[in-house]
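>>> Fold the following, please.
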Amino acid sequence: MSEDPQTEPRREGAVAITVSDRRSDGRREDESGRLLVQALRKIGYAVTEPVVVPDGVDSVAGALRDAVAQGARLVVTTGGTGMGPRDLTPEGTREVITRENPGLAELMRREGSKQTPYAAVSRGVVGVVDWPEDRGVGGTLVVNLPGRPAAVTEGMDIISPLLGHVLSQVSGGDHTW
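You can find the predicted model right below:
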């Protein structure tokens with residue numbers, strides 16, 4: 001049986017990263033990370049518990065680099081995309097990604113705005129970390145979601161139908177639609 005490039009590869013590893021000072025130091029429960037892991041598992045990704053890091057450029061960039069080095073094909077972050085002084089997830093992400101995909105980030109903001117006007121405040125980015133040549137063709141897709149639990153669920157509902165196609169493209173797949 002051949003694999004459908006629109007839905008595969010979905011069994012590869014994914015990493016969920018929660019970016020939050022209050023969650024990383026234990027002051028607040030990580031509901032967003034829990035929901036993110038559930039959403040990723042529901043659509044068939046192998047994912048462990050979320051990695052939790054404090055807000056900041058270096059902590060986000062470091063967690064992303066670690067996930068890529070571990071072989072993740074998909075990394076989804078939650079938190080740190082707002083306008084607060086320590087909301088620096090997009091900046092940390094841009095330090096690591098090779099190519100940005102503004103269309104997916106805009107789609108999440110536009111569709112999220114149908115639920116709440118605050119979706120427009122998210123500065124989250126989406127992009128690819130291209131793998132070095134010695135690792136073969138491919139890369140890791142990185143998606144930033146807001147930290148609000150409902151935004152995690154809504155964001156995953158928006159991007160989930162596209163992930164198989166996007167990851168196929170990142171791996172050099174042909175256009176199948």
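
>>> Now do the least confident helix or strand in the chain by mean pLDDT: everything it contacts.
Using mean pLDDT, DSSP states H and E, helix 21-24 stands out as the lowest-scoring helix or strand of the chain, at a mean of 92. With CB atoms under 8 Å, 6 or more residues apart in numbering as the test, helix 21-24 has contacts from 18, 28-30, 32-33, 52-55, 79, 86. In this view, the C-beta of every residue, glycine as well, is placed from N, C-alpha and C.

>>> can you pull the buried residues of the helix or strand that that helix is followed by?
Going down the chain from helix 21-24, the next helix or strand is helix 31-42, by DSSP states H and E. For helix 31-42, burial by neighbour count (16 or more other CB atoms under 10 Å) applies to 32-37, 39-40.

>>> Just put those residues in JSON lines and tack on pLDDT and distance to A61.
Shown next, in JSON lines, are the buried residues of helix 31-42 (pLDDT from 0 to 100; distance: CB to CB, whole Å):
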{"residue": "S32", "pLDDT": "97", "distance to A61": "20"}
{"residue": "G33", "pLDDT": "97", "distance to A61": "19"}
{"residue": "R34", "pLDDT": "97", "distance to A61": "24"}
{"residue": "L35", "pLDDT": "98", "distance to A61": "24"}
{"residue": "L36", "pLDDT": "98", "distance to A61": "19"}
{"residue": "V37", "pLDDT": "97", "distance to A61": "22"}
{"residue": "A39", "pLDDT": "97", "distance to A61": "24"}
{"residue": "L40", "pLDDT": "97", "distance to A61": "21"}
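
>>> Pick out the most distant pair among the residues you listed.
The widest separation within the buried residues of helix 31-42, taken as CB to CB, falls between S32 and L40 and amounts to 12.6 Å.
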